[in-house]
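# Whatever this is, show me its structure:
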Amino acid sequence: MAEITRRRALRLGAATGIATLLPWSSGGQALAAPPGGSLDPAEVAKYVRPLVIPPAMPRTATLRAGSIDHYVIGVRQFRQQILPPGLPATTVWSYGSQSARGALHYPAFTVEATAARPVRVTWVNGLVDSRGRYLPHLLPIDPTLHWANPPGGVAGRDSRPDFAATPGPYTGPVPFVTHLHGGHTAEEADGYPEAWYLPDAKNIPAGYARVGSLYERFESTYADRAGERWDPGSAVFEYDNDQAAATLWYHDHTLGMTRANVYAGPAGFYLLRGGDHDLPPGVLPGPAPQRGDATGVRYHEIPIAIQDRSFNADGSLFYPDSRAFFDGYAGPFIPDSDVSPIWNPEFFGNTMVANGRSWPDLVVERRRYRLRLLNGCNSRFLILKLAAHPTARPAAAALPLWQIGGDGGFLTTPAPLEQVLLGPAERADVIVDFSDAPAGTQLYLINEGPDEPFGGGVAGVDFDPADAEATGQVMRFTVADRVGDDTSTPPDQLGTLPVPPALGAANRTRQVSLNEADSETEPDFGPVAAFLGTVGGGDGKSLGWDDPVTEEVRVGDVEVWELHNFTEDAHPIHIHEVQFEVVDREPVDGGVARGPDPGESGRKDTVIAYPSEITRVKAHFDRSGLFVWHCHILEHEDNEMMRPYRITE
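Got it, this is the predicted structure:
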């Protein structure tokens with residue numbers, strides 16, 4: 001058993017007197033799947049249904065003489081067969097077109113965008129029933145966090161409320177606001193966590209705040225420019241698409257409840273193509289789904305969103321309703337301690353889902369494919385590899401994953417990798433060549449990341465890999481004979497890729513910190529929250545969401561941010577508005593710095609900051625506004641590990 005796993009598990013259980021490790025930390029024995037709902041993943045048959053390839057989102061209209069693509073996209077509740085036939089369907093949420101029938105799926109259809117051509121989206125909170133009454137959340141919501149807090153009214157919204165007794169989960173109308181992850185946007189279109197809005201339901205309780213504290217300000221900004229207001233229960237965001245071609249994605253970003261909103265289903269790809277930093281059509285494998293495709297088109301560019309979920313025997317999603325799920329702690333809770341009753345520091349599901357289906361299969365031809373991989377998990381780090389056998393560990397790579405791009409577009413040159421590491425929210429654009437695999441070959445996309453918090457290192461040496469029978473498998477590829485010719489360019493012949501010019505010298509270096517907080521009322525117990533902050537006195541100064549802005553950047557500046565990680569875990573740090581360069585990493589206590597990993601040679605918006613290290617990133621800030629930076633472990637983001645920052649003229 002890796003020492004970091006034993007140390008963390010014992011620390012978390014200290015206050016309860018639990019001397020054993022967490023359920024999925026098996027002390028070096030065969031690792032069991034992490035606990036979950038009442039459905040045992042061993043009862044879920046694998047590779048019995050095909051992978052869903054998300055179609056392109058139907059466009060509602062074009063505006064300004066055809067120069068803007070307009071979409072009306074709503075989040076709605078429906079049932080979907082995520083598990084194989086014979087097991088119950090699952091009630092989920094997702095985004096779908098409000099103007100086209102049948103355009104509703106978890107994950108959502110893909111928004112296809114073109115560089116320099118704006119996209120305007122009317123985002124509708126459609127979480128209402130057939131009578132127009134609000135739908136409560138599918139999952140338990142902890143109202144003791146610093147969160148959107150509609151019941152607090154206008155004066156108490158976006159706050160951490162006080163309670164006279166430990167509350168149960170929130171059951172009111174659900175706030176939503178959508179963030180285009182990786183987008184270069186105006187502040188009013190970024191999906192700021194305090195710009196949420198409730199559905200336009202008939203039965204919103206009296207006294208509830210219907211919008212977040214910044215919704216009206218951003219609506220006014222939009223109205224001044226566009227000459228129109230936002231309808232109740234919606235917001236209109238315009239994306240300029242003035243950035244390099246890249247694999248972006250969209251998801252909810254509501255203050256203090258992103259973890260539950262995203263886990264319920266709403267997320268989708270946003271693929272930006274064209275411009276000076278893309279390759280001509282035909283160079284890379286294709287096509288990808290486009291609007292108006294005829295039935296039966298063979299796709300050779302495929303986006304794949306990978307998520308871990310747990311289920312109950314009735315098919316419903318499982319998500320913990322008590323802190324006891326994480327470490328056995330049964331109280332006291334707020335207000336009798338500083339421990340929130342429902343929030344879990346991390347969550348790991350026991351069933352892998354790709355594009356909305358558990359353990360699917362994809363029939364591929366003997367040719368090259370372009371796979372756009374997204375880690376859409378709440379907390380889980382993925383170490384992905386193509387293997388000839390689903391459960392053999394250690395697994396040799398059956399085929400290389402030629403990574404050609406990351407979060408913000410292309411790498412400088414293609415990188416042949418045996419495995420791809422993705423923290424939550426990171427993307428990898430890879431080419432896989434199945435040409436030499438005989439028809440009938442079955443290959444497996446496996447995951448060797450851990451079933452617990454990740455701290456870096458090598459699977460099987462520094463930590464136990466994911467359960468080979470469950471979370472260690474993602475999907476299967478079944479090879480068939482090629483149909484037609486493959487005219488795409490082999491990845492080893494692509495040469496230098498069209499990345500944006502390197503950023504110039506930085507005019508400022510800024511030190512920031514990543515921190516955890518243990519309980520101040522319960523001895524030797526934690527964490528009860530995670531924080532960002534500044535560096536001083538040899539460690540981090542933790543700052544909360546409401547503390548004054550400490551990262552104030554001037555338009556035009558190029559800055560290096562040094563991320564000092566004073567915690568025991570790796571954190572995927574996402575900075576809104578910019579695509580940055582990874583400079584290097586070095587130990588906090590001094591030592592030799594190492595350069596970016598092979599998959600980090602291009603622009604990124606999310607970077608893994610390892611424990612006891614300084615991770616340096618460099619960014620050009622070119623658009624004024626109020627934005628945020630945060631950890632993309634969603635449980636951390638929702639409990640203080642997010643900070644506002646401002647870009648000023």
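
# how much space is there between the residue positioned nearest the centre of the chain and P84?
In the chain, the centroid-proximal residue (Cα atoms, centre = their mean) is A425; its distance is 3.4 Å. In this view, A425 and P84 are 28 Å apart by Cβ to Cβ, to the nearest Å. For every residue, glycine as well, the C-beta is placed using N, CA and C.

# Okay, and the residue nearest to the centre of the chain sits in which element?
Secondary structure assignment for A425, by DSSP states H and E: no helix or strand.

# Look at it and report its pLDDT.
pLDDT for A425: 98.

# Spit out the contact partners of it.
Contacts of A425 were listed using Cβ atoms under 8 Å, 6 or more residues apart in numbering, and they are H181, W249, L374, N375, G376, P572, H574, T606, H632.

# Quick check: closest non-adjacent residue to it.
In space, and not counting its chain neighbours, A425 is closest to H632: 4.0 Å by Cβ to Cβ, 6 or more residues apart in numbering.

# where's stretch 323-338 relative to the chain centroid, distance-wise?
27 Å (Cα atoms, centre = their mean, to the nearest Å).

# same question for that stretch, mean pLDDT?
Mean per-residue pLDDT for stretch 323-338: 97.

# what comes up buried for it?
For stretch 323-338, burial by neighbour count (16 or more other Cβ atoms under 10 Å) applies to R323, F325, F326, D327, G328, Y329, F333, I334, S337, D338.

# So L503 is in contact with H620, correct?
Yes. Contact criterion Cβ atoms under 8 Å: L503 and H620 qualify, at 5.5 Å.

# how far away is the residue nearest to V121 when sequence neighbours are not counted from G233?
Sequence neighbours aside, Y71 is the residue nearest to V121 in space, at 4.7 Å (criterion: Cβ to Cβ, 6+ apart). Distance, Y71 to G233, by Cβ to Cβ: 16 Å.

# Likewise for Y106?
21 Å.

# And these two? Which one has more around it.
Shown here are Y106 and G233; by other Cβ atoms under 10 Å, Y106 has more neighbours (26 against 23).

# Next secondary structure element downstream of the helix or strand where the residue nearest to V121 lies?
Per DSSP H and E, Y71 falls inside strand 68-80. Remark: after strand 68-80, the chain's next helix or strand is strand 90-97, criterion DSSP H and E.

# just how off-centre is that following strand within its chain?
Chain-centre distance of strand 90-97: 17 Å, with Cα atoms, centre = their mean.

# before we move on, the earlier item: check the burial of the residue nearest to A425 by counting its neighbours.
H632 has 26 nearby residues by other Cβ under 10 Å.

# Let me know the distance separating it from G331.
When Cβ to Cβ is the yardstick, H632 and G331 sit 30 Å from each other.

# which residues in the protein form helices?
For the chain, applying DSSP state H gives helices covering 3-13, 153-156, 215-226, 258-263, 324-327, 634-637.

# Quick check: closest non-adjacent residue to F318.
Excluding the flanking residues, the one nearest F318 by Cβ to Cβ, 6+ apart is G37, at 2.8 Å.

# no, scratch that, I was asking about V297
In space, V297 is closest to P287, 6.9 Å off (Cβ to Cβ, 6+ apart).

# contacting residues for the one you found?
Applying Cβ under 8 Å, 6+ apart, we find P287 in contact with V297, Y299, H300, E301.

# which one of those sits closest to V262?
E301 (24.6 Å; Cβ to Cβ).

# For the closest one, list the residues it contacts.
L284, P285, G286, P287, A288, Y369, R370, L371, R372.

# how far away is the residue nearest to E418 when sequence neighbours are not counted from K385?
Spatially, and ignoring its direct neighbours in sequence, E418 is nearest to A397 (3.9 Å; Cβ to Cβ, 6+ apart). The spacing between A397 and K385, counted by Cβ to Cβ, is 5 Å.

# For those two, work out which one has more neighbours and name it.
Shown here are A397 and K385; by other Cβ under 10 Å, K385 has more neighbours (24 against 15).

# so how many other residues sit close to A593?
Counted with other Cβ under 10 Å, A593 comes out at 13.

# What does the pLDDT read for the residue lying closest to it once chain neighbours are set aside?
What sits nearest to A593 in space, not counting adjacent residues and going by Cβ to Cβ, 6+ apart, is E586, at 3.8 Å. Each residue has a pLDDT score; the one for E586 is 97.

# next one: T489
We note a pLDDT of 98 for T489 in this prediction.

# Quick check, it in contact with P285.
No. If you go by Cβ under 8 Å, T489 and P285 don't touch, sitting 9.2 Å apart.

# These two: who's more crowded?
P285 (23 against 16).

# residues touching that one, list them.
H300, E301, R367, R368, Y369, R370, I431, D486, S488.

# Run through the residues that contact L497.
L279, I404, G405, F410, L411, T412, T413, P414, G602.

# The same query, at a cut-off of 10 Å, please.
Neighbouring residues of L497 by Cβ atoms under 10 Å, 6 or more residues apart in numbering: 277-279, 404-405, 409-414, 601-602.

# now P465
Listed by Cβ under 10 Å, 6+ apart, the contact set of P465 reads 31, 383, 393-395, 446-451, 458-459, 471-472.

# now do 6 Å
Residues in contact with P465 (Cβ atoms under 6 Å, 6 or more residues apart in numbering) are E448, A459.

# repeat for G408
Contacts of G408 were listed using Cβ under 6 Å, 6+ apart, and they are A246, Q579, R603, K604, D605.

# Mind pulling up the pLDDT for it?
Looking at G408, the pLDDT reads 98.

# if you skip the residues just before and after it, what's nearest to it?
G408 sits nearest to R603 (Cβ to Cβ, 6+ apart), 3.1 Å away.

# Can you give me the neighbour number for the one you found?
R603 has 26 neighbours, counted by other Cβ under 10 Å.

# Also the one 10 residues further on?
Counted with other Cβ under 10 Å, residues neighbouring E613 total 22.

# shouldn't it be in contact with G590?
No. The criterion here is Cβ atoms under 6 Å, and E613 misses it with G590 at 11.2 Å.

# how deep is P360 tucked in, by neighbour count?
Under the neighbour criterion other Cβ under 10 Å, P360 is assigned a count of 22.

# Name the nearest residue to it, sequence neighbours excluded.
Leaving aside its chain neighbours, P360 sits nearest to L51 (4.1 Å; criterion: Cβ to Cβ, 6+ apart).

# low-scoring pLDDT stretches of this protein, where are they?
1-34, 537-538 (pLDDT under 70).

# Domain parsing of this protein, as residue ranges.
3-47+309-492, 61-280, 508-648 (automatic domain parsing).

# Throw those into a markdown table and include distance to P498, thanks.
Shown next, in a markdown table, are the domains of the chain (distance: least, Cβ to Cβ, whole Å):
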| stretch | distance to P498 |
| --- | --- |
| domain 3-47+309-492 | 6 |
| domain 61-280 | 5 |
| domain 508-648 | 10 |
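
# Can you work out which residues contact both of E613 and G590?
In contact with both E613 and G590: no residue, using Cβ under 6 Å, 6+ apart.

# So the residue nearest to A593 versus N261, what's the distance?
Separation of E586 from N261 (Cβ to Cβ): 36 Å.

# How far does stretch 50-68 sit from its chain's centre?
Per Cα atoms, centre = their mean, the centroid offset for stretch 50-68 relative to its chain is 22 Å.

# Can you tell me what sits against that stretch?
69-72, 97, 99-100, 103, 109-112, 118, 120, 289-291, 299, 302, 355-357, 360-362.

# Buried among those? Make that a PyMOL selection.
Of the contacts of stretch 50-68, the buried ones go into a single PyMOL selection, burial set by 16+ other Cβ under 10 Å:
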select buried, resi 69+70+71+72+97+99+100+103+109+110+111+112+118+120+289+299+302+355+356+357+360+361+362
